[in-house]
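[1] Generate coordinates for the sequence data below:
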Amino acid sequence: MLKKIFKKNINTRVLPRIKLENLIKYRIDSGAPGNVAIANVKDIGGSGILFLSKAELSRENMLSISINFPGLDPIETKAQVVRVRRTKAGEYEIGAHFISIDEQKRRDLSRRIEFILKKIADRKSLLGGLKRVFRI
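    Numbers count the residues shown, from 1 in each chain. All right, here's what the predicted structure looks like:
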């Protein structure tokens, strides 16, 4: 049981992720032109994305995704669905791994995420210091 709990809390991702409130466009790649859907992003990293979909997708689905990340040019990528989980609200949490993304755009995305995470950490550190000084 301890092994199961320990394993669950390990982040095995190589590239960091950040929570993001943003919209993406995606469509299922089936060989024929398909309908484009819009979804809410939950988090994103240089290797993948987690988003909410109204439609249930399958782990076999390949997606074309268009992402507008603040401070970067639009990113067009192919992704493989790796996780599908129905939420209590009746939507689907979709985890997808980028399989065809321009490497420069992946690096830019990863750098931007690291920059934002550093800013957040710096603010928390500053706030913690102020709390100690003023004993808040």
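
[2] Just list the residues touching the residue positioned nearest the centre of the chain, thanks.
    Centroid check for the chain by C-alpha atoms, centre = their mean gives residue 44 as the closest residue, at 1.9 Å. Counting by C-beta atoms under 8 Å, 6 or more residues apart in numbering, residue 44 touches 17-18, 20, 22, 50, 67, 69, 109, 113. Just so you know, the C-beta spots here come from the backbone N, C-alpha and C atoms, and that holds for glycine as well.

[3] where do the strands sit along this protein?
    Per DSSP state E, the chain carries strands over the ranges 17-19, 23-28, 37-45, 48-53, 62-67, 75-86, 92-100.

[4] how much does the longest one deviate in direction from strand 48-53?
    Orientation check (axes from the mean of the first three to the mean of the last three C-alpha atoms, to 10 degrees): strand 75-86 against strand 48-53 gives 60 degrees.

[5] got the angle between strand 75-86 and strand 23-28?
    Angle, strand 75-86 to strand 23-28, by the same axes, to 10 degrees: 80 degrees.

[6] Could I get the pLDDT score of the nearest residue to residue 87 once chain neighbours are set aside?
    Excluding its sequence neighbours, the residue lying closest to residue 87 (C-beta to C-beta, 6 or more residues apart in numbering) is residue 93, at 5.8 Å. pLDDT for residue 93: 97.

[7] That's all I had, so thanks and see you.
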